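**Q** Only the shape, not the letters, is given here:
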């Protein structure tokens with residue numbers, strides 16, 4: 001182990017000690033404390049570790065390509081995270097629906113639960129939940145005292161989310177899964193206390209914090225630039241990206257019009273989608289789960305050995321349909337470091353009894369194979385060719401860009417076998433382009449182009465965002481509100497999909513032109529995934545030197 005790899009390993013270990021909840025998400029085994037300190041002192045301790053690690057890294061010289069990649073990724077990530085901390089974001093860590101509240105709830109489901117020792121760890125995490133929520137409230141209270149606040153919408157939505165966890169979507173299912181073992185009584189008490197803590201957090205957000213919070217949903221250019229660097233691993237011309245997003249949306253809509261006519265001759269996009277909703281669906285969650293299982297397995301079977309070499313531990317994906325989630329959109333959690341916990345895709349039912357499968361095949365490729373499961377899983381099986389930090393810590397622009405590249409690749413390979421399935425892929429792509437214009441436009445308060453202003457509104461607001469996501473991103477009604485709230489509370493993450501895909505496609509085009517007849521797609525995929533996470537600023541250059 002080189003000094004740089006050793007430093008990466010030390011940082012992972014010490015950061016997991018300071019943030020056991022994150023260690024659980026990353027799948028890092030270890031005898032860590034049961035909970036994370038989310039108070040100002042806890043955030044300060046993690047920032048101090050980042051500073052000392054960067055200082056040590058500055059004294060080390062890389063030896064070879066693996067060292068260079070490891071050092072570059074560690075430096076870029078820690079600098080971006082420190083910029084986030086130094087800008088005061090740790091005093092307003094409120095993000096819904098994908099934020100700390102959701103992470104504390106879902107974190108318990110990611111813990112091993114095979115024996116009594118494992119369940120003792122689950123019990124300890126549930127017992128630690130009130131303290132973690134108290135830390136979150138302390139950070140928000142300190143931020144409010146300093147005038148550093150989140151948006152009021154995040155407070156109101158966060159209160160509703162916390163109340164759902166207190167009422168029906170908290171840890172009772174965890175206790176039921178455990179059953180009547182020797183820890184049952186303690187677990188029942190811990191669940192009640194955790195639910196009370198979620199209820200108190202809901203009350204705090206609703207009654208104490210909301211009236212102090214910011215009225216505007218947008219964060220402004222300075223905060224947005226920090227968030228964009230954290231999400232993309234690059235400093236981009238955001239105004240240029242905004243106009244590119246509109247152009248991309250227009251060309252996708254043109255393709256959708258053509259595909260709609262193939263679904264139903266003479267039909268427009270809305271008519272074709274209505275026809276598909278009435279004809280291509282499954283009823284009830286059991287049928288939905290079975291359909292998802294078959295599609296995940298089919299993708300792995302068709303791709304393995306042809307366009308990818310998929311390691312044996314990654315040839316199965318765990319499928320989870322969520323009955324009471326407020327997430328709105330499907331998501332993925334990676335395998336544990338030791339691969340004992342499988343990679344999992346999570347599919348919110350959102351109260352539906354009917355599931356339009358024509359629109360969801362593309363998301364299977366995005367969340368499963370060749371998307372997140374293959375990319376993030378591949379980092380887990382590379383062994384020591386990647387630093388431990390690179391194996392466990394990604395960049396949204398790199399990861400979400402790859403997942404969108406995976407959808408595009410499935411289209412190139414002809415995996416969307418019906419016009420409806422391809423329209424579903426284009427519908428998802430239109431949403432990702434709409435995200436670019438909504439997110440940058442709202443947070444930077446940019447005007448809508450003249451033709452769009454005539455159709456929607458001259459300026460961005462939450463209502464305008466909802467309208468564009470619904471009408472131009474064709475987002476389903478059960479998802480649109482949660483998605484709009486998500487973009488308001490998580491600046492720049494929404495743009496990482498399309499801008500990341502643009503970077504991946506550009507890098508592949510460059511490789512094809514450079515290598516000519518020597519370009520091999522399967523080899524390029526293998527080498528690209530073996531590099532681990534890379535910021536968009538250096539992605540093309542790094543891939544060029546494979």
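**A** That came through, no problem. Owing to the predicted nature of the structure, the values given are computational and were not obtained by experimental measurement. Residues are numbered from 1 along each chain as shown.
**Q** residues of stretch 215-233 that come out buried?
**A** If you call a residue buried by 16 or more other C-beta atoms under 10 Å, then stretch 215-233 has these buried ones: 216-219, 221, 223-233. C-betas here are computed from N, CA, C, even on glycine.
**Q** So which of these is the closest to residue 157?
**A** The nearest member of those to residue 157, counting by C-beta to C-beta, is residue 217 at 10.9 Å.
**Q** What segments of the protein are strands?
**A** Using DSSP state E, the strands of the chain run over 282-283, 318-322, 331-333, 344-348, 354-355.
**Q** any idea of the mean pLDDT in the fourth one?
**A** Across strand 344-348, the average pLDDT comes to 94.
**Q** Which elements pack onto the longest helix that the chain contains?
**A** If you go by DSSP state H, the chain has its longest helix at helix 116-146. Helix 116-146 is packed against helix 20-26, helix 40-57, helix 100-109, helix 172-178, helix 184-203, with contacts defined by 3 or more C-beta pairs under 8 Å, 6 or more residues apart in numbering; DSSP states H and E.
**Q** Any chance of those in JSON lines with distance to residue 143 and mean neighbour count as columns?
**A** JSON lines is the format used below for those (distance: least, C-beta to C-beta, whole Å; neighbours: other C-beta atoms under 10 Å):
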{"stretch": "helix 20-26", "distance to residue 143": "20", "mean neighbour count": "22"}
{"stretch": "helix 40-57", "distance to residue 143": "8", "mean neighbour count": "16"}
{"stretch": "helix 100-109", "distance to residue 143": "14", "mean neighbour count": "22"}
{"stretch": "helix 172-178", "distance to residue 143": "31", "mean neighbour count": "16"}
{"stretch": "helix 184-203", "distance to residue 143": "15", "mean neighbour count": "18"}
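**Q** Could you say which one of the ones you listed comes nearest to residue 313?
**A** Closest approach to residue 313 among the helices and strands packed on helix 116-146 is made by helix 20-26 (16.5 Å; C-beta to C-beta).
**Q** chain center to that closest one: distance?
**A** Helix 20-26 has its C-alpha centroid displaced from the chain centroid by 15 Å (C-alpha atoms, centre = their mean, to the nearest Å).
**Q** So which residues make contact with it?
**A** Contact partners of helix 20-26, identified using C-beta atoms under 8 Å, 6 or more residues apart in numbering, comprise 15-16, 30, 32-36, 103-104, 107, 110-111, 125, 132, 333-334, 336-337, 392-393.
**Q** average pLDDT across it?
**A** 94.
**Q** What pLDDT does the model give residue 378?
**A** On the pLDDT scale, residue 378 gets 91.
**Q** no no, residue 327
**A** pLDDT, residue 327: 62.
**Q** one step back: could I get the strands of the chain as a markdown table with distance to residue 372?
**A** What follows is the strands of the chain, written out as a markdown table (distance: least, C-beta to C-beta, whole Å):
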| stretch | distance to residue 372 |
| --- | --- |
| strand 282-283 | 23 |
| strand 318-322 | 13 |
| strand 331-333 | 4 |
| strand 344-348 | 8 |
| strand 354-355 | 21 |
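**Q** Reformat those strands as TSV; add distance to residue 445 and mean neighbour count.
**A** Below are these laid out as TSV (distance: least, C-beta to C-beta, whole Å; neighbours: other C-beta under 10 Å):
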stretch	distance to residue 445	mean neighbour count
strand 282-283	43	14
strand 318-322	35	17
strand 331-333	29	21
strand 344-348	31	21
strand 354-355	38	18
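**Q** For residue 94, which of those is the nearest?
**A** Here strand 331-333 is closest among the strands of the chain (C-beta to C-beta), at 19.2 Å.
**Q** quick one: that closest one to chain centroid distance?
**A** The answer for strand 331-333 is 7 Å, by C-alpha atoms, centre = their mean.
**Q** Looking at the buried residues of stretch 215-233, spot the one nearest residue 359.
**A** Nearest to residue 359 among the buried residues of stretch 215-233: residue 231, at 25.6 Å, using C-beta to C-beta.
**Q** give the contact list for residue 319.
**A** 289, 292-293, 296, 344-345, 347.
**Q** Wait, residue 130 touches residue 192, no?
**A** No: with contact defined as C-beta atoms under 8 Å, residue 130 does not reach residue 192; the gap is 10.4 Å.
**Q** Need the pLDDT of the residue of the chain most remote from its centre.
**A** Largest separation from the mean C-alpha position in the chain: residue 266, at 37.8 Å (C-alpha atoms, centre = their mean). Listed pLDDT for residue 266 reads 95.
**Q** next one: phi and psi at it?
**A** phi 80, psi 0 (degrees, to the nearest 10).
**Q** From the contacts of helix 20-26, keep the buried residues only.
**A** 15-16, 32, 34-36, 103-104, 107, 110-111, 125, 132, 333-334, 336-337, 392-393.
**Q** if we can go back for a sec, for residue 48, which of the strands of the chain is the nearest?
**A** strand 331-333 (28.4 Å).
**Q** I'd like the domain boundaries of the protein, if you could list them.
**A** The chain breaks down by automatic domain parsing into domains covering 3-216, 230-496.
**Q** Can you lay out these as a markdown table showing distance to residue 522?
**A** Below are the domains of the chain laid out as a markdown table (distance: least, C-beta to C-beta, whole Å):
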| stretch | distance to residue 522 |
| --- | --- |
| domain 3-216 | 21 |
| domain 230-496 | 5 |
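**Q** Quick one: closest of these to residue 544.
**A** Closest among the domains of the chain, using C-beta to C-beta: domain 3-216, at 12.7 Å.
**Q** Which one of the strands of the chain lies nearest to residue 487?
**A** Once these are compared by C-beta to C-beta, strand 331-333 is nearest, at 15.1 Å.
**Q** That closest one pairs with which strands?
**A** Strand 331-333 pairs in its sheet with strand 344-348 (antiparallel), by DSSP bridges.
**Q** gap between stretch 25-38 and the chain center?
**A** 20 Å.
**Q** rewinding a little: if I look at the residue farthest from the centre of the chain, how far off is residue 275?
**A** Taking C-beta to C-beta, to the nearest Å as the measure, residue 266 falls 12 Å from residue 275.
**Q** Low-confidence bits of the stretch 301-450 of the chain, can you list those?
**A** Filtered on pLDDT under 70, the stretch 301-450 of the chain yields the residue ranges 325-328.
**Q** go with 80
**A** 324-328, 350, 383 (pLDDT under 80).
**Q** all helices for it, in order.
**A** Ranges of helices in the stretch 301-450 of the chain, per DSSP state H, counting those that start in this stretch, are 361-367, 372-380, 388-392, 396-412, 419-444, 450-455.
**Q** Residue 80 is nearest to which of these?
**A** Closest approach to residue 80 among these is made by helix 396-412 (10.8 Å; C-beta to C-beta).
**Q** Give the buried residues for that closest one.
**A** For helix 396-412, the neighbour count (16+ other C-beta under 10 Å) marks 396-411 as buried.
**Q** and the gap between residue 370 and residue 306?
**A** Distance from residue 370 to residue 306, by C-beta to C-beta: 11 Å.
**Q** looking at the domains of the chain, which is closest to residue 531?
**A** That would be domain 3-216 among the domains of the chain, by C-beta to C-beta, at 6.5 Å.
**Q** Return the distance of that closest one from the chain's centre.
**A** 15 Å.
**Q** coming back round to it: to residue 58, which of the helices of the stretch 301-450 of the chain lies closest?
**A** helix 388-392 (16.0 Å).
**Q** and the closest one, what other elements does it pack with?
**A** Helix 388-392 is packed against helix 3-18, helix 65-86, helix 372-380, with contacts defined by 3+ C-beta pairs under 8 Å, 6+ apart.
**Q** Could you provide these in JSON lines, with additional columns for distance to residue 58?
**A** Listed next are those as JSON lines, based on distance: least, C-beta to C-beta, whole Å:
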{"stretch": "helix 3-18", "distance to residue 58": "11"}
{"stretch": "helix 65-86", "distance to residue 58": "9"}
{"stretch": "helix 372-380", "distance to residue 58": "25"}
